[in-house]
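1. sequence first, predicted model second:
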Amino acid sequence: FGGLPRVAEDPAENGRATPQLSNRSNRSVRDVVPQEEPSPSRTASKEEQELHGEMPAFRRDRLLQLKWWAFAITAVVTYFGSACVVYPRLEEWSLLECVYFCVQVITTVGYGDLAPTRVETRLFAIFHI
């Protein structure tokens with residue numbers, strides 16, 4: 001990497017800058033790319049961050065993980081709970097049979113020993129799956 005091209009003014013060009021390609025450059029990328037000045041929020045004390053509602057990155061990540069776990073657990077409980085409410089009433093299955101059927105469906109094993117027989121239950125199973 002030979003560095004960035006130098007820019008020099010040529011008096012013959014009426015003061016316009018013209019690039020001069022060179023393999024030698026005394027300038028580094030830090031000289032060319034403007035550096036961000038630290039924002040006040042990055043230099044604020046812990047108390048100021050808490051007052052303004054800012055949260056450290058590790059806490060945000062942990063909170064996001066907790067939200068995803070809460071969503072996943074809620075989805076699984078809802079899936080099994082709805083099956084344990086509907087199937088015993090329409091198919092007259094026990095709770096153990098309902099859980100067994102849900103596990104078969106989720107894991108895509110599908111032994112076929114337990115299957116909905118009524119039209120209403122089949123419609124529910126289509127949307128439940």
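-> On my side now, so go ahead. Every value quoted in this text rests on a predicted model; they were computed, and no experiment measured them.

2. all strands of the chain, in order?
-> When assigned using DSSP state E, the strands of the chain occupy the ranges 6-9, 17-20.

3. is it true that Val86 touches Phe124?
-> Yes. Using Cβ atoms under 8 Å, Val86 makes contact with Phe124 at a distance of 5.5 Å. Any C-beta I mention is one placed from the backbone N, CA and C, and that applies to glycine too.

4. pull the number of nearby residues for Pro88.
-> Burial measure for Pro88: 14 neighbouring residues, criterion other Cβ atoms under 10 Å.

5. ok, now the one 4 residues further on?
-> Number of residues near Glu92 (other Cβ under 10 Å) recorded here: 9.

6. just give the nearest non-adjacent residue to Thr121, would you?
-> Nearest non-adjacent residue to Thr121, counting by Cβ to Cβ, 6 or more residues apart in numbering: Leu90, 4.5 Å away.

7. now do the contacts for the one you found.
-> Neighbouring residues of Leu90 by Cβ atoms under 8 Å, 6 or more residues apart in numbering: 116, 118, 120-121, 124.

8. save these as TSV, and put in neighbour count, distance to Lys67 and pLDDT too.
-> Shown next, in TSV, are the contacts of Leu90 (neighbours: other Cβ atoms under 10 Å; distance: Cβ to Cβ, whole Å; pLDDT from 0 to 100):
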residue	neighbour count	distance to Lys67	pLDDT
Pro116	19	34	89
Arg118	11	38	91
Glu120	12	35	91
Thr121	18	34	89
Phe124	18	29	91
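
9. would you list the residues you listed in CSV and tack on distance to Thr107?
-> Listed next are the contacts of Leu90 as CSV, based on distance: Cβ to Cβ, whole Å:
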residue, distance to Thr107
Pro116, 18
Arg118, 24
Glu120, 25
Thr121, 20
Phe124, 20
